[in-house]
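>>> this one's structure only:
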């Protein structure tokens, strides 16, 4: 059993795990983990440029198609928690061939606000988890806390904030 499972953090409601149906079913991980507190921190697992059918996008070796697809999948994961690209604070980008970094930057810049881009790390690696995959992006987003649920009228009366007048006592003889 993992330390996370032992701690009960998922059961406490402090962590929520999502695997949106708009992304391929993950084998043994969540696409999105949301931690709530004074702010919501959302961790997005690495997204590849493949479709819901788990097939790599584009023709073999088409870095641009895979890169665009990975950013679109990142957008779908962000949407699952009500976030967008502007909520990103950190991305990590993996390329199997650093000669594609120019294309990567073009694609990235078409999705991110150039005035407020997230912190970012880009590394070249020998291979990704899927055969034929050329690019992967993982991300962290920060969102404002969710507003508290509206208090019900019955909860107000129990807390004493909305008391009813006491019933008059029957006269005694």
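Received it, and whenever you're ready, just let me know what you need. Nothing here was measured: the structure is a model prediction, and the numbers come from that model.
>>> show me the contacts for the nearest residue to residue 35 once chain neighbours are set aside.
Leaving aside its sequence neighbours, residue 35 sits nearest to residue 41 (Cβ to Cβ, 6 or more residues apart in numbering; 4.8 Å). From N, CA and C alone the C-beta is placed, and that goes for glycine too. Residue 41 makes contact with 34, 35, 140, 141, 142, according to Cβ atoms under 8 Å, 6 or more residues apart in numbering.
>>> show me what residue 41 is bridged to.
With DSSP bridges as the criterion, residue 41 is bridged to residue 35, residue 142.
>>> this protein: strands as residue ranges?
According to DSSP state E, the chain carries its strands in the segments 15-18, 32-35, 40-48, 88-95, 119-124, 135-143.
>>> isn't residue 119 right up against residue 90?
Yes. Contact criterion Cβ atoms under 8 Å: residue 119 and residue 90 qualify, at 4.7 Å.
>>> tell me which of those two has more neighbours.
Higher neighbour count among residue 119 and residue 90: residue 90, with 15 against 10, using other Cβ atoms under 10 Å.
>>> list the contacts of the more buried one.
Residue 90 touches 118, 119, 120, 139, 140, counting by Cβ under 8 Å, 6+ apart.
>>> swap in residue 143?
Contacts of residue 143 (Cβ under 8 Å, 6+ apart): 39, 40, 42, 81, 82, 83, 87.
>>> neighbour-wise, which of the contacts of residue 41 leads?
Going by other Cβ under 10 Å, residue 141 tops the contacts of residue 41 with 25 neighbours.
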